[in-house]
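J.: whatever this is, show me its structure:
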Amino acid sequence: MLTKRIVPCLDIKNGRTVKGVNFVDLRDAGDPVELADVYSKAGADELVFLDISATEERRKTLANLVLRVAEKVNIPFTVGGGISSIEDVDMLLQNGADKVSVNSSAVKNPQLINDLAGKFGSQCITVAIDAKQIDGKWKVHLVGGKVPTELDLFEWAKEVEDRGAGEILFTSMDHDGTKDGFANEALARLSQELNIPIIASGGAGNIQHFADTFIEGKADAALAASVFHFKEIEIKNLKTELQKQNIPVRL
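T.: Numbering: from 1, shown residues only. As a prediction, this is how the structure comes out:
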(Lines give C-alpha, C1' and ligand atoms only; values in the text may rest on other atoms or scores of the structure.)
Protein backbone atom coordinates (compact mmCIF):
# COMPACT_ATOMS: atom_id res chain seq x y z
CA MET A 1 0.00 0.00 0.00
CA LEU A 2 1.27 3.48 -0.85
CA THR A 3 2.16 5.59 2.17
CA LYS A 4 0.11 8.69 2.88
CA ARG A 5 2.10 11.91 2.47
CA ILE A 6 2.37 14.82 4.89
CA VAL A 7 3.04 18.04 3.02
CA PRO A 8 3.85 21.36 4.67
CA CYS A 9 2.93 24.29 2.44
CA LEU A 10 5.07 27.38 2.27
CA ASP A 11 2.93 30.30 1.09
CA ILE A 12 5.34 32.96 -0.08
CA LYS A 13 4.76 36.68 -0.44
CA ASN A 14 7.64 39.07 -1.04
CA GLY A 15 10.15 36.32 -0.28
CA ARG A 16 8.72 35.46 3.16
CA THR A 17 6.48 32.63 4.31
CA VAL A 18 3.02 33.80 5.31
CA LYS A 19 -0.19 32.15 6.43
CA GLY A 20 -3.60 33.72 6.50
CA VAL A 21 -7.13 32.68 7.32
CA ASN A 22 -9.33 32.18 4.24
CA PHE A 23 -6.62 33.70 2.00
CA VAL A 24 -6.77 37.18 3.59
CA ASP A 25 -4.99 38.86 6.57
CA LEU A 26 -1.61 37.26 6.02
CA ARG A 27 0.79 36.98 8.92
CA ASP A 28 4.50 36.35 8.64
CA ALA A 29 5.57 32.80 9.48
CA GLY A 30 9.27 33.03 8.76
CA ASP A 31 11.99 32.50 6.22
CA PRO A 32 11.07 29.92 3.57
CA VAL A 33 14.56 28.49 3.20
CA GLU A 34 14.93 27.92 6.94
CA LEU A 35 11.44 26.45 7.17
CA ALA A 36 12.06 24.14 4.21
CA ASP A 37 15.20 22.84 5.89
CA VAL A 38 13.39 22.34 9.21
CA TYR A 39 10.57 20.37 7.54
CA SER A 40 12.92 18.25 5.50
CA LYS A 41 14.72 17.20 8.69
CA ALA A 42 11.47 16.81 10.66
CA GLY A 43 10.12 14.06 8.39
CA ALA A 44 7.92 15.88 5.88
CA ASP A 45 7.38 13.75 2.77
CA GLU A 46 7.18 16.68 0.35
CA LEU A 47 6.95 20.44 0.35
CA VAL A 48 4.75 22.79 -1.62
CA PHE A 49 6.07 26.27 -2.26
CA LEU A 50 3.38 28.68 -3.51
CA ASP A 51 4.12 32.27 -4.39
CA ILE A 52 0.68 33.60 -3.56
CA SER A 53 1.51 37.07 -4.80
CA ALA A 54 2.59 35.84 -8.22
CA THR A 55 -0.70 35.56 -10.09
CA GLU A 56 -2.28 38.59 -8.49
CA GLU A 57 0.72 40.83 -9.11
CA ARG A 58 1.46 39.32 -12.51
CA ARG A 59 5.09 38.50 -11.85
CA LYS A 60 7.13 35.36 -12.28
CA THR A 61 7.79 33.01 -9.39
CA LEU A 62 10.96 33.77 -7.47
CA ALA A 63 13.32 31.45 -9.31
CA ASN A 64 16.31 32.17 -7.12
CA LEU A 65 14.33 31.37 -3.97
CA VAL A 66 13.49 27.99 -5.52
CA LEU A 67 17.19 27.50 -6.14
CA ARG A 68 18.03 28.30 -2.49
CA VAL A 69 15.31 26.01 -1.14
CA ALA A 70 16.34 23.20 -3.49
CA GLU A 71 19.94 23.43 -2.27
CA LYS A 72 18.79 22.85 1.31
CA VAL A 73 16.11 20.22 0.82
CA ASN A 74 16.35 16.52 0.00
CA ILE A 75 12.63 15.73 -0.31
CA PRO A 76 10.40 16.30 -3.35
CA PHE A 77 9.30 19.83 -3.83
CA THR A 78 6.45 21.47 -5.78
CA VAL A 79 6.48 25.09 -6.90
CA GLY A 80 3.48 27.19 -7.93
CA GLY A 81 2.41 30.77 -8.44
CA GLY A 82 2.00 32.63 -11.70
CA ILE A 83 3.13 29.73 -13.87
CA SER A 84 1.66 30.07 -17.34
CA SER A 85 4.15 28.76 -19.91
CA ILE A 86 6.54 25.98 -20.82
CA GLU A 87 9.38 28.47 -20.25
CA ASP A 88 8.26 29.12 -16.65
CA VAL A 89 8.17 25.41 -15.89
CA ASP A 90 11.48 24.72 -17.58
CA MET A 91 13.18 27.38 -15.47
CA LEU A 92 11.69 26.13 -12.18
CA LEU A 93 12.54 22.48 -12.86
CA GLN A 94 16.06 23.53 -13.91
CA ASN A 95 16.39 25.41 -10.61
CA GLY A 96 15.62 22.27 -8.64
CA ALA A 97 11.85 21.96 -8.28
CA ASP A 98 10.54 18.38 -8.68
CA LYS A 99 7.04 19.40 -9.70
CA VAL A 100 5.15 22.52 -10.64
CA SER A 101 1.63 23.52 -9.73
CA VAL A 102 -0.65 25.45 -12.08
CA ASN A 103 -4.01 26.92 -11.14
CA SER A 104 -5.54 30.06 -12.70
CA SER A 105 -3.50 29.70 -15.91
CA ALA A 106 -4.85 26.17 -16.50
CA VAL A 107 -8.46 27.35 -16.17
CA LYS A 108 -7.85 30.19 -18.60
CA ASN A 109 -5.95 27.92 -21.01
CA PRO A 110 -6.70 24.23 -20.36
CA GLN A 111 -4.42 23.21 -23.24
CA LEU A 112 -1.51 24.31 -21.02
CA ILE A 113 -1.99 21.10 -19.00
CA ASN A 114 -1.62 18.96 -22.15
CA ASP A 115 1.41 20.96 -23.27
CA LEU A 116 3.19 20.73 -19.90
CA ALA A 117 2.42 17.03 -19.40
CA GLY A 118 3.56 16.33 -22.97
CA LYS A 119 6.84 18.20 -22.55
CA PHE A 120 7.82 17.33 -18.97
CA GLY A 121 5.73 14.25 -18.09
CA SER A 122 2.57 13.99 -15.97
CA GLN A 123 4.64 13.18 -12.88
CA CYS A 124 5.88 16.81 -12.84
CA ILE A 125 2.48 18.47 -13.23
CA THR A 126 0.16 19.25 -10.32
CA VAL A 127 -3.04 21.18 -10.93
CA ALA A 128 -4.20 23.19 -7.92
CA ILE A 129 -7.94 23.77 -7.64
CA ASP A 130 -9.42 26.24 -5.16
CA ALA A 131 -13.15 25.79 -4.70
CA LYS A 132 -15.96 26.79 -2.40
CA GLN A 133 -19.59 25.81 -2.11
CA ILE A 134 -22.09 28.23 -3.61
CA ASP A 135 -25.75 27.24 -3.23
CA GLY A 136 -24.67 23.67 -2.45
CA LYS A 137 -22.43 23.32 -5.53
CA TRP A 138 -18.63 23.31 -5.46
CA LYS A 139 -17.41 26.11 -7.76
CA VAL A 140 -13.82 26.70 -8.84
CA HIS A 141 -12.26 30.08 -7.88
CA LEU A 142 -9.21 31.84 -9.32
CA VAL A 143 -6.47 34.29 -8.31
CA GLY A 144 -6.04 33.07 -4.73
CA GLY A 145 -9.77 32.53 -4.38
CA LYS A 146 -10.75 36.08 -5.31
CA VAL A 147 -12.47 35.38 -8.65
CA PRO A 148 -15.43 32.95 -8.81
CA THR A 149 -16.06 30.93 -11.98
CA GLU A 150 -18.96 28.81 -13.21
CA LEU A 151 -16.72 25.72 -13.34
CA ASP A 152 -17.87 22.72 -11.33
CA LEU A 153 -15.10 21.28 -9.14
CA PHE A 154 -15.70 17.65 -10.12
CA GLU A 155 -16.08 18.28 -13.84
CA TRP A 156 -12.95 20.43 -13.91
CA ALA A 157 -10.97 17.84 -11.89
CA LYS A 158 -11.92 15.13 -14.37
CA GLU A 159 -10.90 17.30 -17.31
CA VAL A 160 -7.60 18.07 -15.60
CA GLU A 161 -6.91 14.35 -15.23
CA ASP A 162 -7.89 13.66 -18.85
CA ARG A 163 -5.52 16.38 -20.03
CA GLY A 164 -2.55 14.73 -18.33
CA ALA A 165 -2.11 16.20 -14.84
CA GLY A 166 -0.27 13.87 -12.46
CA GLU A 167 -2.06 14.95 -9.30
CA ILE A 168 -4.59 17.46 -7.97
CA LEU A 169 -4.11 19.79 -5.03
CA PHE A 170 -7.64 20.61 -3.87
CA THR A 171 -8.11 23.48 -1.43
CA SER A 172 -11.52 24.00 0.09
CA MET A 173 -11.77 27.73 0.61
CA ASP A 174 -14.65 27.17 3.00
CA HIS A 175 -12.28 25.24 5.25
CA ASP A 176 -8.99 27.04 4.62
CA GLY A 177 -7.51 28.55 7.79
CA THR A 178 -10.48 27.52 9.94
CA LYS A 179 -8.78 24.51 11.62
CA ASP A 180 -12.12 22.68 11.63
CA GLY A 181 -11.01 19.74 9.47
CA PHE A 182 -10.71 19.04 5.75
CA ALA A 183 -13.53 18.89 3.17
CA ASN A 184 -13.70 15.10 3.40
CA GLU A 185 -16.97 14.59 1.56
CA ALA A 186 -15.72 16.43 -1.55
CA LEU A 187 -12.31 14.75 -1.25
CA ALA A 188 -13.85 11.27 -1.09
CA ARG A 189 -15.88 12.02 -4.22
CA LEU A 190 -12.78 13.27 -6.05
CA SER A 191 -10.88 10.13 -5.04
CA GLN A 192 -13.74 7.96 -6.22
CA GLU A 193 -14.12 9.70 -9.59
CA LEU A 194 -10.42 10.13 -10.43
CA ASN A 195 -7.42 7.83 -10.73
CA ILE A 196 -4.67 10.35 -9.97
CA PRO A 197 -3.57 11.26 -6.42
CA ILE A 198 -5.48 13.96 -4.53
CA ILE A 199 -3.78 16.26 -2.04
CA ALA A 200 -6.17 17.60 0.61
CA SER A 201 -5.72 21.23 1.61
CA GLY A 202 -7.61 23.64 3.83
CA GLY A 203 -8.80 23.01 7.37
CA ALA A 204 -6.05 21.14 9.27
CA GLY A 205 -6.32 21.95 12.98
CA ASN A 206 -5.33 18.81 14.86
CA ILE A 207 -3.89 15.34 14.35
CA GLN A 208 -7.31 13.68 14.05
CA HIS A 209 -8.17 15.93 11.12
CA PHE A 210 -5.28 14.35 9.21
CA ALA A 211 -6.42 10.83 10.13
CA ASP A 212 -9.97 11.69 9.06
CA THR A 213 -8.93 13.01 5.66
CA PHE A 214 -6.97 9.84 4.92
CA ILE A 215 -9.73 7.51 6.15
CA GLU A 216 -12.97 9.36 5.32
CA GLY A 217 -11.66 11.70 2.61
CA LYS A 218 -9.55 8.96 0.95
CA ALA A 219 -6.87 11.62 0.32
CA ASP A 220 -3.42 10.50 -0.85
CA ALA A 221 -1.66 13.39 0.87
CA ALA A 222 -2.57 16.13 3.34
CA LEU A 223 -1.22 19.63 3.14
CA ALA A 224 -1.12 22.22 5.90
CA ALA A 225 0.71 25.41 6.76
CA SER A 226 0.02 27.23 10.02
CA VAL A 227 -0.26 24.14 12.26
CA PHE A 228 3.27 23.27 11.16
CA HIS A 229 4.74 26.79 10.91
CA PHE A 230 3.67 27.70 14.44
CA LYS A 231 4.62 24.25 15.82
CA GLU A 232 1.08 23.39 16.87
CA ILE A 233 1.63 19.94 15.35
CA GLU A 234 5.04 18.24 15.13
CA ILE A 235 5.33 16.03 12.05
CA LYS A 236 6.99 13.19 13.97
CA ASN A 237 4.12 13.09 16.51
CA LEU A 238 1.58 13.32 13.71
CA LYS A 239 3.03 10.35 11.86
CA THR A 240 3.34 8.25 15.02
CA GLU A 241 -0.33 8.88 15.76
CA LEU A 242 -1.39 8.10 12.17
CA GLN A 243 0.52 4.83 12.30
CA LYS A 244 -1.34 3.91 15.52
CA GLN A 245 -4.56 4.29 13.49
CA ASN A 246 -3.19 1.88 10.87
CA ILE A 247 -2.62 4.65 8.32
CA PRO A 248 0.53 3.83 6.30
CA VAL A 249 3.15 6.59 6.65
CA ARG A 250 6.89 6.88 6.13
CA LEU A 251 8.56 7.24 9.52
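J.: can we go C-alpha only for contacts and neighbour counts from here?
T.: Fine.
J.: what sits up against stretch 63-70?
T.: Gly15, Pro32, Val33, Ala36, Asp37, Phe77, Val79, Met91, Leu92, Asn95, Gly96, Ala97 (C-alpha atoms under 8 Å, 6 or more residues apart in numbering).
J.: what's the closest of those residues to Val160?
T.: Val79 (18.0 Å; C-alpha to C-alpha).
J.: residues of the strand or helix carrying the closest one that come out buried?
T.: Assigned by DSSP states H and E, Val79 falls within strand 77-80. By neighbour count with 16 or more other C-alpha atoms under 10 Å, strand 77-80 contains the buried residues Phe77, Thr78, Val79, Gly80.
J.: surely the third one and Asp90 touch.
T.: Yep, that's Val79 we're talking about. No. If you go by C-alpha atoms under 8 Å, Val79 and Asp90 don't touch, sitting 11.8 Å apart.
J.: secondary structure added to the contacts of stretch 63-70, as TSV?
T.: Putting the contacts of stretch 63-70 into TSV (DSSP: H, G, I helix; E, B strand; the rest coil) gives the following:
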residue	secondary structure
Gly15	coil
Pro32	helix
Val33	helix
Ala36	helix
Asp37	helix
Phe77	strand
Val79	strand
Met91	helix
Leu92	helix
Asn95	coil
Gly96	coil
Ala97	coil
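J.: quick check, nearest of those to Val7?
T.: Phe77 (9.5 Å).
J.: now stretch 180-200: average pLDDT?
T.: For stretch 180-200, mean pLDDT is 98.
J.: closest one to Arg163 out of the contacts of stretch 63-70, please.
T.: Among the contacts of stretch 63-70, and counting by C-alpha to C-alpha, the member closest to Arg163 is Val79, at 19.8 Å.
J.: which intervals of the stretch 151-251 of the chain have sub-threshold pLDDT?
T.: Scanning the stretch 151-251 of the chain for pLDDT under 70 picks out nothing.
J.: would you map the helices across it?
T.: Secondary structure of the stretch 151-251 of the chain (DSSP state H, counting those that start in this stretch): helices at 153-162, 184-193, 207-215, 226-229, 235-244.
J.: in CSV, list those helices along with distance to Lys108.
T.: Listed next are those as CSV, based on distance: least, C-alpha to C-alpha, whole Å:
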stretch, distance to Lys108
helix 153-162, 12
helix 184-193, 22
helix 207-215, 30
helix 226-229, 30
helix 235-244, 36
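J.: to Asp135, which of those lies closest?
T.: Closest among the helices of the stretch 151-251 of the chain, using C-alpha to C-alpha: helix 153-162, at 13.6 Å.
J.: what packs against that closest one?
T.: strand 125-134, strand 137-142, helix 184-193 (3 or more C-alpha pairs under 8 Å, 6 or more residues apart in numbering; DSSP states H and E).
J.: point to the residue nearest the middle of the chain.
T.: Leu169 (4.7 Å; C-alpha atoms, centre = their mean).
J.: show me the beta-bridge partners of that one.
T.: Ala128, Ile199 (DSSP bridges).
J.: would you check that it makes contact with Ile199?
T.: Yes. Counting by C-alpha under 8 Å, Leu169 does reach Ile199; the two are 4.6 Å apart.
J.: how many neighbours does Glu185 have?
T.: Neighbours of Glu185 under the rule other C-alpha atoms under 10 Å: 12.
J.: repeat for Glu87
T.: 10.
J.: contacts for the helix or strand hosting it?
T.: Glu87 belongs to helix 86-94 when assigned by DSSP H and E. Helix 86-94 has contacts (C-alpha under 8 Å, 6+ apart) with Lys60, Ala63, Val66, Val79, Ile83, Lys99, Val100, Asp115, Leu116, Lys119.
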